[in-house]
Each structure stands twice: as C-alpha cells, then as structure tokens.
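[1] take a look and give me a structure for this.
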Amino acid sequence: MTPSVLSEKEQKLAIETKEKFLVALDDPVAQIHTFSSCIALSDLTRDGEFKLIIADLGKMDAASLAVNSPSSVKLKVYQGTSLKMENTILDFPTGVCSLFMDSNTPRVPVVAVASGQNVFLYKNMRPYFKYTLPQLPVSEIEQQYWSLAREGHLSPSDLRDRLEALRQNPEETIPLSTKSLKLIMMTNADVMANFVNLHRVSAITRHTVITCMTSIKKCQTEEDAVSCIVLGTENGDLFILEPETFTILSKFEIGVVPVFLDAAGEHDINYRITIVGRDAKLYNARKPQSWETPEVKLLAELSSQAVGLVRAGKMFMVGCMDQTLSCYTPKGKKVWSMTMPAAILATELMDQRSRGFQCMLVALDNCQIRMYREKFLVGILETTHKVSAMKFGQFGREEGALITVGEDGSLAVRLLRRVAKFSERELQAGAPEEQNVRLNIPKKTKLYIDQTVRERENSADIYRAFQQDLLKLKLSVAQSYKKALEKSLTPVAASEDAPIKLSAQVMGIGPMFKLMLGIQNTSPNKPVMDVMVTFRCDDSLYDVKKKLLQLGLLVPGLSYKYEVFVRCLTDQPISGDIEIFVFKATNCVPLVANVIQMPISEGSAI
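    Here you go, the predicted structure:
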C-alpha cells in the first residue's frame, strides 16, 4: 500500500516530527516477526543501560503453523544496535514483560515470557523458573469413553464418533481434552488406531493457554518494587500470581477470552484491571472487599474488534479494526471518537516522565505513525515499512527511544532528541484562526443601560409575564391537539380496532387533477375490513368523479394506493379545499381525516 497523500499542514508537521528523531538502527533484513505485547525494555544487569527484549515468532508461514513447530521462536536481547544473546522458546509467545519478583540484593529484574500454558522466567537471561497454569476439570463421560477404549470395548473409530457426538451435543457444551480433539481431527483408520494405542494408557488432562499478560505492583509504587504477574487465559479466566511462591492470589471469571490487559494500582491496597475481550467489549476488574466475591463488570461495547489498548492518565484509548480511535473514562463512558485515514496496526503510549508529556502512538496501514495527545494530532512520523509492533521507552542510556518492527521483518530504532518538544495545539479540528481575532464590540449605549436597569428593577413582573405567556401557549397547543383528535385530523387513526394511516397527494396542473391516496393498516397482526373513503368539497368548484370508495381487506404492513380524478369547474384563478374521510361502514364517525388544499387550475389559461 502506498503512503497516503498528506495535506499541506500535515506535510509540515511530518517534517517537524522527522527532525525530532534520530535513526540509530534501521535493519531491513532483521527478519523479526512479533507483536507489541512481545517487546520489552529493561535494565537486565542493573548497569544503567537498558536492553531491548523481543520474543521473535520466527517465520509465520502456513507450513510452520500447520505442523505447530515453533523451532524458530526465540527470545532475543539487543544491546545497543547488536544482538547480544538469544534463547529458544518452546511455544509461540503471547506476552513479554520485565518485573522484580523479590527484594533480594542486588536487584535484578526477571523477564517473564507467556508461551502456551506456561510462563517462563529468565534471570540474568538464563532460565530461572517455569510456572504452569492449573489443569482444567475433565468430563466424566470423556474419561469413560477412553476407559472403554483402554479395555478394548470400543474401537478407535467408535471412540472418535462418540467423542465427536459429545463435542457437538446441542444441549450442553462439553469441553474436551487436547488428546480427544486431536483424535477427532483424524480421518485415516490406521492413524487413529496407532494414536489410540499410544495414548489410551496415559492420563487425560485438559489445559488452557495464555492469551495476554501484564504486571501490577504488589504493595509499593517504586520502579524497582515487587510486582505480580497478571494472566488472561483462553478459558476466560484472569489470574494474579504471587511473585515469590507463584500461587494464585486472585482469580476472576470473565466469561470471554481476554485479548488486552491494563493494570493500575497496587494489589495489596487497591487496583483496577481493564480488559478488552474477544467479543469487542470493555470490562473492568477491581480489588474486591473482604466480604465481596471477585467479579468483572462490563464497561462499554466497542464499535469493532480491538487492535490495541493504551492508558494515558485516567483515560483509556482503544484502537479498533474499523479505523476508529476512541477514548473511554474508567467508568466506560465514551469521551470522544475519531476515524483514522487508514487501518490501525498497532498502538503504544509515548511517556516522557521528565517533561510530564504523554501521547498515543498509532501505527497505520499507510506507513505512518500518528501521535495524539488526547484527540489532538501533535506529530506524524513517516516510515518506509508498515509497522506491526512498536515500543517506546528507555533504551541504552537514552530516555526516549521508539522501537518499530515492520510487517516485512525489519527492525528500526529511533531516538527522540533531548531538545525535542511537541506542540499541544490541535492541527485540524477545533475553531478556525479567524475566531481568535478580537471583534470590534461597540460601547454600551444609554438605551442598553436603561433597559438593563428596568429588567433588574422589574425582574419579578417580567418573569410573571413570561410564565403567563408560556401557560397560554401550552393551553393553545393542548386545545388544538384535542380538536384534531375529535375531528380525526391526525394522519394516523387513534382507534385500536382500525389503526389506519392516510396520506394524500395532488398531481396535475388542471383542470383535471389526480388525487393519489395512500392507505396503510399499521396494526402488527390484525387485518381491517369494511373500510370506506368519501370526499367533501365545494360542488361549484370541483367535481369528484367517484365520491365513495369501498376498500377491501387491509392486510397489516402493506401500503395500498388509490387514484381519484377531480375536475375543476371554474375558469377563475381561485382554489378550494377537499376533505377526505376514512370510516367504517358500521360507524359514521371518521377514523381519520385529511384536508387537501387544491392548487389553482392552470389548464384553462393554457
């Protein structure tokens, strides 16, 4: 996709933004494929130099995914512009974060990598610990089927058919183990027999996988304070782990699969976790009181599936697949929403704590990274590749560094200049420049001052007169409405037995006119019968060819059209009214009426 054409103001802003960054690394052949959640920046050796940590998914082609072989998945560490070390990961990663797990000295952070059903912890870039999610309960019916197959009472094909029927049970959805799901996907009889013979003795276990991960401080707010790992699972659960014993401190049942997490606060004091689910909804989990049960509340429903979640201050910005960027309060109220010029690929928070400046980075499909402070556009950074993942933070000894990974596997590092400043003014939206020009307001005249004094001295009488006029207006409206109901002048009949809607239109220039009548039964399920239409007019002016129409059965929901011809009998340039009444044959009171003001006949003049 070619970059989109920028306006003159955007081009100027793009040039200014480019001058604020210094390109430290641009490697188009790095062959790195990852997501924003799998990138972290951390001072691993506590020497004051921050390293870049990337969980590289390797070559994401169809052949690699089909055999589920993550042999090329590696955890890479960059120091400066060179690759320092790398470790092989056993499964595809879903998140990487750096945190402190204990208060021992020297304070060395731990790198946590969520992969499959495990969380791998690395300390000094060496394997340190592995945490596995607790097993899920297995269906008793599934265990009975495998027990029968183990005893030889079920053949492999019969076992597969029963497991398939159990999975497709319309009355109750029963989750199956991975072993049973693999057997269901098999079609060859010999392959099924070998699989059953190999696994029928092994125990049946059911695991879930980690979909997203973040961290939250345990009891202090310092940078090197002990933190807890927060995990979201495919089973729709949210776990908060104790950092030293790796036990579950808190568990929330979301009910949907979480895809993005954002945690704020301290676990032992008060915290709030914002969750974006796979059902395109925004949820919130907060610390429960001692007498409460942990629960997750729905905050808002997004316009489409989310691409990224960023928290700036107390507000949450969510980028969606329909090219919209929306801002929500902690209670789920939408503050604003804007449409991007291209599809959103990634989002990230740019936080300059030394200057107190925060803005949101939005990577678009047109090779742009747009910077928004609230809803104000403060910068446009043009890239040579589409950015699929990015991270902003301290890298090396520089306070501000933007790490970008392209869809083609390229890696780029841009350092923010220390003298760079971003304007907080809006580029496009808002008031025009002419509004800032002071108006030449005339001086207050003596008449204006006298009027002000009169209103101040007689405020009670003026208010009383206003209220009296308002009540007269309300009374006049109510009387007109009552008159319209009594004479059936409303376009829709008020009767519940025959709710008829009438519309009329005059066609022609004269002396012959055509009345187009539209009649509709607005009842949801009740037909109407024995309905008639009649006309009343000045016989000296108009001649209605058919003054009485007898309608048939009116089916609910259908619109019926009728034509009635009217001849103007005078050559004078005058016009009159024709009244139309719809009534039932058993009652002379009209159901609905309409008055048509006829136009002046122009046919005689022609």
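
[2] could you report the neighbour count for Lys18?
    Residue neighbour count, defined by other Cβ atoms under 10 Å, stands at 14 for Lys18. Yep, even glycine has a C-beta here, placed from its N, CA and C like the rest.

[3] residues contacting it?
    381-382 (Cβ atoms under 8 Å, 6 or more residues apart in numbering).

[4] helix/strand/coil for it?
    Three-state secondary structure (criterion: DSSP: H, G, I helix; E, B strand; the rest coil) places Lys18 in helix.

[5] swap in Leu148?
    Relying on three-state DSSP, one would call Leu148 helix.

[6] give me the phi and psi for the closest residue to it other than its chain neighbours.
    Leaving out its chain neighbours, the residue that sits closest to Leu148 by Cβ to Cβ, 6 or more residues apart in numbering is Leu154, at 4.4 Å. Listed backbone geometry of Leu154 is phi -130, psi 130, with angles given as degrees, to the nearest 10.

[7] please report how far Leu154 lies from Asp161.
    Leu154 is 9 Å from Asp161, where distance means Cβ to Cβ, to the nearest Å.

[8] in terms of neighbours, single out the busier of the two.
    Legend: neighbour count by other Cβ under 10 Å for Leu154 and Asp161, higher for Leu154 (20 against 13).

[9] which residues are in contact with the more buried one?
    145, 148, 162.

[10] what's the neighbour count on the closest residue to Glu301 other than its chain neighbours?
    On the basis of Cβ to Cβ, 6+ apart, the spatially nearest residue to Glu301 that is not a chain neighbour turns out to be Lys281, at 5.1 Å. The tally of other residues near Lys281 (other Cβ under 10 Å) stands at 17.

[11] do the same with Val564
    Taking other Cβ under 10 Å as the definition, Val564 ends up with a neighbour count of 19.

[12] same thing with Ile254?
    The burial count assigned to Ile254 is 21, neighbours taken as other Cβ under 10 Å.

[13] pretty sure it contacts Leu238?
    Yes: under the contact definition of Cβ atoms under 8 Å, Ile254 touches Leu238, with a separation of 5.8 Å.

[14] overlap of the contact sets of these two?
    Shared contacts of Ile254 and Leu238 (Cβ under 8 Å, 6+ apart): 232, 275, 285, 296.

[15] give me the subset of the residues you listed that lies in helices.
    For those, not one is inside helices, with DSSP state H as the criterion.

[16] out of the residues you listed, who has the most neighbours?
    The most neighbours, when the shared contacts of Ile254 and Leu238 are compared by other Cβ under 10 Å, belong to Gly232, which has 29 neighbours.

[17] could you check the pLDDT of the residue nearest to Glu301?
    Model confidence at Lys281, expressed as pLDDT, equals 93.

[18] contacting residues for it?
    With contact set as Cβ under 8 Å, 6+ apart, Lys281 has these partners: 256, 298-302.

[19] which of the helices or strands spans the closest residue to Arg162 other than its chain neighbours?
    Spatial nearest neighbour of Arg162, excluding adjacent residues (Cβ to Cβ, 6+ apart): Tyr145 at 5.3 Å. Mapping Tyr145 onto the secondary structure by DSSP states H and E places it in helix 140-150.

[20] just how off-centre is that helix within its chain?
    Taking Cα atoms, centre = their mean, to the nearest Å, one finds helix 140-150 lying 43 Å from the centre of the chain it belongs to.

[21] ok, now stretch 170-190?
    Its chain's C-alpha centre lies 34 Å from the corresponding centre of stretch 170-190 when counted by Cα atoms, centre = their mean.

[22] swap in stretch 594-603?
    Per Cα atoms, centre = their mean, the centroid offset for stretch 594-603 relative to its chain is 53 Å.

[23] which ones are touching the one residue sitting closest to the centre of the chain?
    Computing the C-alpha centroid of the chain and ranking residues by Cα atoms, centre = their mean puts Leu302 first, at 2.2 Å. With Cβ under 8 Å, 6+ apart as the criterion, the residues that contact Leu302 are 276, 280-282, 318, 320, 326.

[24] kindly reformat those residues as TSV containing distance to Leu136.
    Below are these laid out as TSV (distance: Cβ to Cβ, whole Å):
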residue	distance to Leu136
Val276	23
Ala280	25
Lys281	24
Leu282	26
Val318	30
Cys320	31
Ser326	34
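
[25] so which of those is the closest to Thr205?
    For Thr205, the closest of these turns out to be Val276, at 29.6 Å, with distances computed as Cβ to Cβ.

[26] what's the closest non-adjacent residue to the closest one?
    Excluding the flanking residues, the one nearest Val276 by Cβ to Cβ, 6+ apart is Phe260, at 4.0 Å.

[27] likewise for Phe422?
    For Phe422, the nearest residue in space outside its immediate sequence neighbours is Val378; the separation is 4.6 Å by Cβ to Cβ, 6+ apart.
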